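Peer 1: Sequence and computational prediction follow.
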Amino acid sequence: MRLEGKTILISAAGQGMGRASAIACAREGAKVIAVDINEDTLDTLPSEADGIEVHKLDVRDRAAIDALASKVADLDGLFNCAGFVHNGTVLDITEEDWAFSFELNVTSMYRMTQAFLPGMIRRAEATGTAAILNMSSMASSIKGFPMRTAYGTTKAAVLGLTKGIAADFVGKGIRCNALCPGTVDTPSLRGRIASAPDPVEAEKNFIARQPMGRLASVDDMTPMVVYLLSDESSYVTGQAMLVDGGVTI
Ligand code: NAD
């Protein structure tokens with residue numbers, strides 16, 4: 001029960017790492033506010049663990065974010081997990097792709113943080129601490145990969161956002177860290193593999209990135225998520241935590 005007494009909001013909680021994190025945090029005793037743009041996947045989440053409430057939320061929608069922030073309890077934890085992978089070189093990225101990648105992968109985190117941080121500061125005044133976790137990536141923010149320029153640029157920006165928040169609010173009991181996973185077996189990764197010209201080859205290539213010789217499972221990520229949202233990481237802030245199967249050894 002490492003998160004007992006904490007209220008934690010997680011975006012992109014309908015599937016993939018966000019969903020697994022919502023379940024893991026609830027099993028550690030947190031009250032989880034799980035949000036996603038997709039109601040169908042969200043609706044099946046509360047049956048997976050006690051203590052999960054779900055809200056449909058598009059994290060690009062400032063008014064909807066502000067409305068949710070005024071409705072829910074002050075947070076002890078915020079996991080900004082939503083993000084999108086654009087496939088292409090710098091020559092392929094359209095203005096729309098670039099703008100969309102930034103809006104979903106970076107601007108949403110700035111909006112979510114602006115909406116929820118005042119309540120988190122109030123919680124930190126009462127309890128001593130509150131924690132933000134932003135989803136970055138190993139791929140193309142820490143280590144370059146082909147066809148990931150828009151994605152990598154946004155995920156590098158997430159590291160800047162994370163360090164800025166950490167530096168500004170360290171004196172108020174707020175910690176802010178980023179998670180940088182390697183290649184994780186999630187529905188969107190399966191979609192990227194399926195849409196490749198040769199899916200079998202594409203899967204082999206994704207696996208070959210990791211010296212450990214396998215993709216990560218979502219359960220390889222959730223221990224780090226729980227740690228960074230719990231008081232066990234109370235002396236850790238402003239960090240990009242790599243969980244990447246040895247890619248960046
Ligand atoms: P996923 O991509 O399979 O699912 C993403 C979820 O986000 C979906 O449930 C979707 O409905 C939701 N979503 C999309 N747009 C939204 C919006 N506007 N508002 C609210 N929710 C929205 O899950 P994943 O692969 O675990 O990816 C989650 C995060 O992890 C992303 O930020 C991704 O960039 C990052 N990441 C993924 C990998 C990987 O290999 N899968 C590696 C590193 C980082």
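Peer 2: Cool, the structure landed. Numbering: from 1, shown residues only.

Peer 1: contacts and neighbour counts: CA atoms only from here.
Peer 2: Fine.

Peer 1: didn't G238 look like it was pressed against R175?
Peer 2: Yes - using C-alpha atoms under 8 Å, G238 is in contact with R175, at 7.2 Å.

Peer 1: and for these two, which residues touch both?
Peer 2: The contact sets of G238 and R175 overlap at A166 (C-alpha atoms under 8 Å, 6 or more residues apart in numbering).

Peer 1: More neighbours: which of those two?
Peer 2: Neighbour totals were compared for G238 and R175, and R175 leads with 30 against 21 (other C-alpha atoms under 10 Å).

Peer 1: Checking my notes, the more buried one in a strand, right?
Peer 2: Yes - assessed with DSSP: H, G, I helix; E, B strand; the rest coil, R175 lies in a strand.

Peer 1: tell me the contacts of it?
Peer 2: For R175, the contact set (C-alpha under 8 Å, 6+ apart) comprises 129-132, 166, 169, 234, 236-238.

Peer 1: Return the set of residues that bridge with L78.
Peer 2: According to DSSP bridges, the partner residues bridging L78 are L9, I132.

Peer 1: show me where this protein has strands.
Peer 2: Using DSSP state E, the strands assigned to the chain run over residues 7-10, 31-36, 52-56, 77-80, 130-135, 174-181, 240-243.

Peer 1: closest to R111 out of the ones you listed?
Peer 2: Judged by C-alpha to C-alpha, the one of those that comes nearest to R111 is strand 77-80, at 10.3 Å.

Peer 1: per-residue confidence averaged over the closest one?
Peer 2: Strand 77-80 shows an average pLDDT of 99 in the prediction.

Peer 1: Show me the contact partners of it.
Peer 2: Under C-alpha under 8 Å, 6+ apart, the answer for strand 77-80 is 6-12, 109, 112, 116, 120, 130-135, 229.

Peer 1: roughly how far is it from the heart of the chain?
Peer 2: 8 Å (C-alpha atoms, centre = their mean, to the nearest Å).

Peer 1: That one close to the ligand?
Peer 2: No - for a cut-off given as C-alpha under 6 Å from any ligand atom, strand 77-80 has no contacts with the ligand; the smallest distance is 8.0 Å.

Peer 1: in that strand, what's buried?
Peer 2: 77-80 (16 or more other C-alpha atoms under 10 Å).

Peer 1: Please give me every residue in contact with K155.
Peer 2: 105-106, 135-137, 140-141.
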